Each structure stands twice: as structure tokens, then as C-alpha cells.
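[1] After the sequence you'll find the predicted model.
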Amino acid sequence: MNTADLTITTANTAPTRPALDYLGTVARWVLGLVFIYMGWSKAMHPETFLKLIRQYDLTNNSFVLNSIAAGLPWFEIFCGLLLLAGIGARGSALLLLLMLLPFTLIVLRRALAISDMQHIALCAVRFDCGCGNGEVLICRKVVENTLLIFLSGFVLAGFGTRLAARFTLFSSSNPAA
């Protein structure tokens, strides 16, 4: 394999500006650490997490609720570890993005209901959303989730390949050819 082949292979996964790739690597690490922390705090207290997710009234099915309470924390930890290592980072970022979007909307829906029921401003609503940080002001939580969504999108866009073990699991180029 000559030098031109290596350049073509690398160009498919690395962005053209190295500074953005370094920022993407920091974003990947921040996302990984945040999700490892949040997942670990839920995994260590599964009964508390189960009680918190029951408050959202998403389903009355005990099996589904127990499955979420038992599996979601470990899934978050797994995705966080993959992001830290840089293994399948784009796929992990996509999965986190697909979790963050509905979770943010669900938290916002519950906050709006509490705000309406208690006749208080939305940004004054405070409750434990089940994210692993305890009781939080909901406007702050929505901003945090929005930042995490942005970071996930940044990694998903292909930034963050520096110090990655394997940024993508499947490559469009064939290095053997």
C-alpha cells in the first residue's frame, strides 16, 4: 500500500480541519464521561431509578419499566466507554442522540405539567428527572441536554477521530484493495 492509498483511507473518516477534530475528541470524551457517570449513578440505585421513571407515566407495563430501569444505565455506561475509547464513536453518538431527544421532550412535558398544576414559572420547576444528578431546575436540565445533543451531533458528523481506537466500525474503503 502506498502513501496515496493511506491518504485516501484517512480522508474518508477525518475532517479537513485538525482543530475541529481536536474539539471533536474533547466532545467525545466529555460525552463519554457524562454518560458513564449518569449510567453508574442509576445502576447503583436501580430501585430509585425505577421509581423516578414511573413518574413519567409512559407505560403501566411492569416488565417494560423494569427492563428500562435495569438495562438503560448499563447501556449508557457501554456507550460512554465506546466514546472514550473511540470505538464506533459515530454509532455511539447516534444512539445517545436518539436517547437524548425523546428524554428531553419527556422531561419538558412533565415540567410543563407541573408548572401548569402548581401555577409557577417553567424555570422555577424543580424535580429529579432520573438523569442521575438528583433534583435539578428543569430549564438548566434542558440546556444541559441541548448541549449534549449538540456534542453528539458534532461527533456524529465525523469530528473526534484523534486518539480513537476505531472511529467507525465499518469503512467504505477497502484497504486490502
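    Good, I have the coordinates. Residues are numbered from 1 along each chain as shown.
[2] Tell me where the model's unsure across the protein.
    Low-confidence segments of the chain (pLDDT under 70): 1-16, 167-177.
[3] Would you map the strands across it?
    Listed in chain order, the strands of the chain (DSSP state E) span 126-128, 135-137.
[4] count of neighbours near V136?
    Counted with other CB atoms under 10 Å, the neighbours of V136 add up to 17. Heads up, the C-betas are built off the backbone N, CA and C, glycines and all.
[5] Settle this for me: it is touching C123, isn't it.
    No - counting by CB atoms under 8 Å, V136 does not reach C123; the two are 11.5 Å apart.
[6] hang on, the earlier thing: export the strands of the chain to TSV and append columns for distance to L33.
    Rendered in TSV, the data for those read as follows (distance: least, CB to CB, whole Å):
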stretch	distance to L33
strand 126-128	21
strand 135-137	18
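[7] ranking those strands by burial, who's on top?
    Scoring these by mean neighbour count under mean count of other CB atoms under 10 Å gives strand 126-128 as the most buried, with a mean of 16.
[8] Could you pull out the buried residues of the longest helix seen in the chain?
    For the chain, the helix that runs over the most residues, judged by DSSP state H, is helix 89-118. Along helix 89-118, the positions that meet the burial threshold by neighbour count (16 or more other CB atoms under 10 Å) are 89-97, 99-100, 103-104, 106-108, 110-111, 114-115.
[9] neighbours of the closest residue to L151 other than its chain neighbours, just the number please.
    Closest residue to L151 in three dimensions, ignoring its sequence neighbours and counting by CB to CB, 6 or more residues apart in numbering: A27, at 4.3 Å. Per other CB under 10 Å, the neighbour tally for A27 reads 24.
[10] shouldn't R166 be in contact with S92?
    No - taking CB under 8 Å as the contact criterion, R166 and S92 are not neighbours in contact, 11.5 Å apart.
[11] State the distance from A85 to E76.
    In this structure, A85 lies at 15 Å from E76, with CB to CB, to the nearest Å as the measure.
[12] Quick check: the residue lying closest to R54 once chain neighbours are set aside vs L50, distance?
    Distances taken as CB to CB, 6+ apart put L65 closest to R54, at 6.2 Å, once the chain neighbours are dropped. When distance is defined by CB to CB, L65 is 6 Å away from L50.
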